[in-house]
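**Student:** Sequence unavailable; structure follows:
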Ligand SMILES: Cc1ncc(COP(=O)(O)O)c(C=O)c1O
């Protein structure tokens, strides 16, 4: 039976034609799709200004937004303790002092109460991260921001298409940024986008984005090749005989090869050379097609989440991801709490399903941020949750297989625990 990878990649069927068209017209790098994509993206919320940013990274959109906001020296920004380490690091490189605030363990998103405790006279901004496809509880966050005169910059890297009280995430605060990496909700093989409601801020972000150099054709071709390779390696038939055997062997020797998948944790000052460069025409062409397919991608992913909910709903010891009233989830990841994360991950991998620990970081425990040691029990609790494959490119039958396997193994682990308790 084919093994199932932890991540899927949303690839639009029109991709080969778009790439060929750009090659034929010698418009891989510069061309008309960029403006068309920005216009199409801006129509999603229907208001505000958007600017594509960077050849490879959505984080550069955050960097440009922060630089454009021109905060005075010594300004603090509140960042959730549970997020990808790059986000607070970029804020630091942009000149801000990062103050972490805990997350709500039920939704994994910024806790408004923790945000309030983190506010000092130097706080100038807050960065609510709509982690794993679910919106933060934005009303109390926006109310606190108004009360303390803070800028709100939403991290939408995981959550394009999610809503809060009927409004698209990324349009609730002062500015927001999106990531278009290969595993993200809109995959243009890298790059990102900044949204803001403020025309002057958009102009400054645009100056930064346009101040970057155009990448060469060769770099763009290399990005397209890498994207194709990633897509190929995570398809069940190829994954089974390529990456999966490494995962399988690692489950016996306690190695963590997946750590090599992620960028090494380090200071980003100065910004690495790969971070530089403008967003290109071919990426924008792929993005235009991606926007057309987005509703169906989201619908399929949600259907998969419902399949998992149905199969796992009554399993003792397992807490399913929940979606509070007024929010919609786009399931970038599906993360239940389970009784024994390490044992469950091993058992699933040995049976062909790449269930994984949560891949974001508890930043308060990271040396890079000086082991702040700040209490963040909500973020720490994420070590007892797992990521179960839910992505849209899976077939429903594959999702059912994933669900049945997780169900059976959690139940078995429960039995083992009880028998150990009796023996002990
Ligand atoms: C929560 C979060 N924010 C921001 C980013 C940055 O996106 P990018 O890798 O495109 O810079 C990521 C990347 O995975 C992320 O997980």
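**Tutor:** Cool, the structure landed. Predicted model only: the values in this text are computed from it and were never measured.

**Student:** Which residues of this protein lie near the ligand?
**Tutor:** 57-59, 83-84, 86-87, 129, 155, 157-158, 179, 181, 192 (Cβ under 6 Å from any ligand atom). From N, CA and C alone the C-beta is placed, and that goes for glycine too.

**Student:** is it true that residue 289 touches residue 10?
**Tutor:** No - counting by Cβ atoms under 8 Å, residue 289 stays clear of residue 10, with 10.5 Å between them.

**Student:** Now do the buried residues in stretch 134-144.
**Tutor:** Neighbour-count burial for stretch 134-144, counted by 16 or more other Cβ atoms under 10 Å, picks out 134-138, 141-142, 144.

**Student:** Next: stretch 223-242.
**Tutor:** In stretch 223-242, counting by 16+ other Cβ under 10 Å, buried: 223-224, 227-228, 230-231, 234, 236, 238-240.

**Student:** ok, now stretch 266-284?
**Tutor:** Result for stretch 266-284 [16+ other Cβ under 10 Å]: buried residues 268, 275-284.

**Student:** Check stretch 367-380 too.
**Tutor:** 369, 374, 376, 378-380.

**Student:** Dump these into a markdown table; add pLDDT as well.
**Tutor:** Below are the buried residues of stretch 367-380 laid out as a markdown table (pLDDT from 0 to 100):
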| residue | pLDDT |
| --- | --- |
| 369 | 94 |
| 374 | 75 |
| 376 | 96 |
| 378 | 97 |
| 379 | 97 |
| 380 | 96 |
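
**Student:** farthest pair in those residues?
**Tutor:** 369 and 378 (17.0 Å; Cβ to Cβ).

**Student:** Filter the residues of the chain next to the ligand down to the ones in strands?
**Tutor:** Among those, the ones falling in strands (DSSP state E) are 83, 155, 179, 192.

**Student:** list the contacts for the last one?
**Tutor:** This points to residue 192. Residue 192 makes contacts with 52-54, 57-61, 157, 177-180, 279, as judged by Cβ atoms under 8 Å, 6 or more residues apart in numbering.

**Student:** ok, the most centrally placed residue in the chain - contacts?
**Tutor:** The centroid of the chain falls nearest to residue 158 when counting by Cα atoms, centre = their mean (3.4 Å). Neighbouring residues of residue 158 by Cβ under 8 Å, 6+ apart: 129-133, 179, 184-185, 330, 332-333.

**Student:** And for stretch 193-209, what's in contact with it?
**Tutor:** In contact with stretch 193-209 (Cβ under 8 Å, 6+ apart) are residues 38, 41-42, 45, 47-54, 58, 60-65, 67-69, 170-171, 174-178, 180, 278-279.

**Student:** Can I have the buried ones of those as a ChimeraX selection?
**Tutor:** The buried subset of the contacts of stretch 193-209, as determined by 16+ other Cβ under 10 Å, is captured in ChimeraX by this line:
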select :38,41,42,45,48,49,50,51,52,53,54,58,60,61,62,63,64,65,67,68,69,170,171,174,175,176,177,178,180,278,279
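
**Student:** which secondary structure elements does the helix or strand hosting residue 153 contact?
**Tutor:** Using DSSP states H and E, the element containing residue 153 is strand 151-155. Packing partners of strand 151-155 (3 or more Cβ pairs under 8 Å, 6 or more residues apart in numbering; DSSP states H and E): helix 59-69, strand 123-126, helix 138-148, strand 175-179.

**Student:** Now do the next helix-or-strand element following the first one against helix 138-148, angle only.
**Tutor:** Reading on from helix 59-69 to the C-terminus, the next helix or strand found by DSSP H and E is strand 76-80. Using axes from the mean of the first three to the mean of the last three Cα atoms, to 10 degrees, one finds that strand 76-80 and helix 138-148 are set 170 degrees apart in direction.

**Student:** In the sheet, which strands lie alongside strand 76-80, parallel or antiparallel?
**Tutor:** Applying DSSP bridges, strand 76-80 is found paired with strand 97-101 (parallel), strand 123-126 (parallel).

**Student:** Same list (the ones you listed) but as TSV, adding mean pLDDT.
**Tutor:** Formatted as TSV, those follow (pLDDT from 0 to 100):
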stretch	mean pLDDT
strand 97-101	97
strand 123-126	98
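
**Student:** which of those is buried the deepest?
**Tutor:** strand 123-126 (a mean of 23; mean count of other Cβ atoms under 10 Å).

**Student:** Quick one: low-confidence residue ranges for the stretch 301-424 of the chain.
**Tutor:** 373, 416-424 (pLDDT under 70).

**Student:** show me where this structure has helices.
**Tutor:** Ranges of helices in the chain, per DSSP state H, are 15-24, 33-43, 59-69, 86-93, 112-118, 138-148, 199-211, 217-233, 236-241, 244-253, 281-312, 341-350, 377-380, 396-423.

**Student:** And the last one, what does it pack against?
**Tutor:** Of the remaining helices and strands, those touching helix 396-423 by 3+ Cβ pairs under 8 Å, 6+ apart are helix 281-312, helix 341-350.

**Student:** Tell me the one of the ones in strands among the residues of the chain next to the ligand nearest the ligand?
**Tutor:** If you rank these by distance to the ligand using Cβ to the nearest ligand atom, residue 179 comes first, at 3.2 Å.

**Student:** Residue 387 contacts residue 337, correct?
**Tutor:** No - Residue 387 is not in contact with residue 337 according to Cβ under 8 Å; the separation is 11.9 Å.

**Student:** more crowded one of those two?
**Tutor:** residue 387 (21 against 17; other Cβ atoms under 10 Å).

**Student:** and the residue lying closest to residue 352 once chain neighbours are set aside, what is it in contact with?
**Tutor:** Once flanking residues are discounted, residue 352 sits nearest to residue 3: 4.4 Å by Cβ to Cβ, 6 or more residues apart in numbering. By Cβ under 8 Å, 6+ apart, the residues touching residue 3 are 236, 239-240, 244, 352-354.

**Student:** distance of the residue lying closest to residue 242 once chain neighbours are set aside from the ligand?
**Tutor:** Spatially, and ignoring its direct neighbours in sequence, residue 242 is nearest to residue 233 (5.6 Å; Cβ to Cβ, 6+ apart). Relative to the ligand, residue 233 is positioned 18 Å away (Cβ to the nearest ligand atom, to the nearest Å).

**Student:** what does residue 235 give?
**Tutor:** 21 Å.

**Student:** Nearest to the ligand within the stretch 301-424 of the chain, name that residue for me.
**Tutor:** Closest point on the stretch 301-424 of the chain to the ligand, by Cβ to the nearest ligand atom, is residue 360, at 6.2 Å.
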